[in-house]
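Engineer: Quick one, what's the 3D model for this:
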Amino acid sequence: MILYRTTHGHLVEHNGSYHAIDEPSFDVLIAHEDLQAYLTAVTEEATLTQSPNPATILAPIERQEVWAAGVTYYNSRRARIAESKDAGGGDFYDRVYSAERPELFFKAVAHRVAGPNTPVKIRRDATWSVPEPELTLLVNPRARIIGYTIGNDMSSRDIEGANPLYLPQAKVYDRSCALGPGILIRSTPLPKSTQIHLDILRSGHSEFAASVTLAELKRDPLTLVEYLFRDQSFPHGCFLLTGTGIIPPDSFTLQCKDEIRISIDSIGTLVNEVD
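Structural biologist: A predicted model of the protein is given here:
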């Protein structure tokens, strides 16, 4: 089942039918002792409603923090090493790829997050910007993965490549993150065959497209969550982007009005235009 946050309240889709949820707080839903069981009961009792108008779907976030994991795919390791070689940072990325401890960094709070069909941004002082399509975990306050959504970890490659210590500036700015359109609620991990697909349209034509499966994700999502919750608490839960395995060529950079389309099996498609 898929949970949506909309301008008209929360909806859950199950087997093609949509049901309204009589709970106005997204935070309360995330903190539920057993969200999947609760939503299952809703689908059995609630009145059917129409599918949401795409224009009414909001980013599925309220007071959660958004964090991200880096260098979790070999392609990401390769790209990070190449872009930072002149700054002497390549060795860092090689080490973190093979280390037991993952790279984790803060990404956003709700007001910096773009929802579906709303603009994402590229930094004004960046010359090389790319989207990073990522499977994103929804984790409840008790460190349990309760759902999955699509994330776009917008990145300024030239800024991070100039010096790895610039990573917060390359990654954290208004609308540098997008989430949605809904959250796939399930208690079991997604299969390794799950595909993530990226398509970037420019003037209506595909400028770049590629796919990757979760089989190429080096880090176990459960391990990523365990490290994230070490000596940290998330009273409203959190989102964790799990890294990207899709890297556009070095010759590519996003332009205003580009349309970014990220699809993940069983979840849907997240669409954002570049502002």
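Engineer: Helices of this structure, start to end?
Structural biologist: 26-30, 35-45, 74-84, 90-98, 157-162, 167-171, 221-228 (DSSP state H).
Engineer: Mind checking these for the one nearest to Asn15?
Structural biologist: helix 35-45 (8.1 Å; Cβ to Cβ). Just so you know, the C-beta spots here come from the backbone N, C-alpha and C atoms, and that holds for glycine as well.
Engineer: Return the helix or strand in the chain with minimum mean pLDDT.
Structural biologist: Within the chain, no helix or strand scores below helix 74-84, which has a mean of 79 by mean pLDDT, DSSP states H and E.
Engineer: so what does it touch, helix or strand wise?
Structural biologist: With contacts taken as 3 or more Cβ pairs under 8 Å, 6 or more residues apart in numbering; DSSP states H and E, helix 74-84 sits against helix 90-98, helix 157-162.
Engineer: Alpha carbons only: can I get the shortest one in PDB?
Structural biologist: What it means is helix 157-162. Provided in PDB are the C-alpha atoms of helix 157-162 (Å, rounded to 0.1, in the frame of the first residue of the first chain):
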ATOM      1  CA  ARG A 157      29.600  18.300  -8.300                       C
ATOM      2  CA  ASP A 158      32.100  21.100  -8.900                       C
ATOM      3  CA  ILE A 159      31.800  22.400  -5.300                       C
ATOM      4  CA  GLU A 160      32.200  19.000  -3.700                       C
ATOM      5  CA  GLY A 161      35.000  18.100  -6.100                       C
ATOM      6  CA  ALA A 162      36.900  21.300  -5.300                       C
END
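Engineer: Any chance of TSV for the helices and strands packed on helix 74-84, columns distance to Pro116?
Structural biologist: Formatted as TSV, the helices and strands packed on helix 74-84 follow (distance: least, Cβ to Cβ, whole Å):
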stretch	distance to Pro116
helix 90-98	31
helix 157-162	25
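Engineer: Any chance of a markdown table for those helices, columns distance to Gln255, mean neighbour count and mean pLDDT?
Structural biologist: Output for those, formatted as a markdown table (distance: least, Cβ to Cβ, whole Å; neighbours: other Cβ atoms under 10 Å; pLDDT from 0 to 100):
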| stretch | distance to Gln255 | mean neighbour count | mean pLDDT |
| --- | --- | --- | --- |
| helix 90-98 | 27 | 16 | 81 |
| helix 157-162 | 15 | 20 | 94 |
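Engineer: of these, which approaches Pro141 most closely?
Structural biologist: helix 90-98 (27.6 Å).
Engineer: Who does the closest residue to Ile21 other than its chain neighbours form a beta bridge with?
Structural biologist: Computed as Cβ to Cβ, 6 or more residues apart in numbering, the closest residue to Ile21 that is not its neighbour in sequence is His10, at 4.1 Å. Going by DSSP bridges, His10 is paired in beta bridges with Arg5, Ile21.
Engineer: surely His10 meets Leu3?
Structural biologist: Yes: with contact defined as Cβ atoms under 8 Å, His10 reaches Leu3; the gap is 6.7 Å.
Engineer: quick revisit: how far off helix 90-98 does the least confident helix or strand of the chain point, in degrees?
Structural biologist: 170 degrees (axes from the mean of the first three to the mean of the last three Cα atoms, to 10 degrees).
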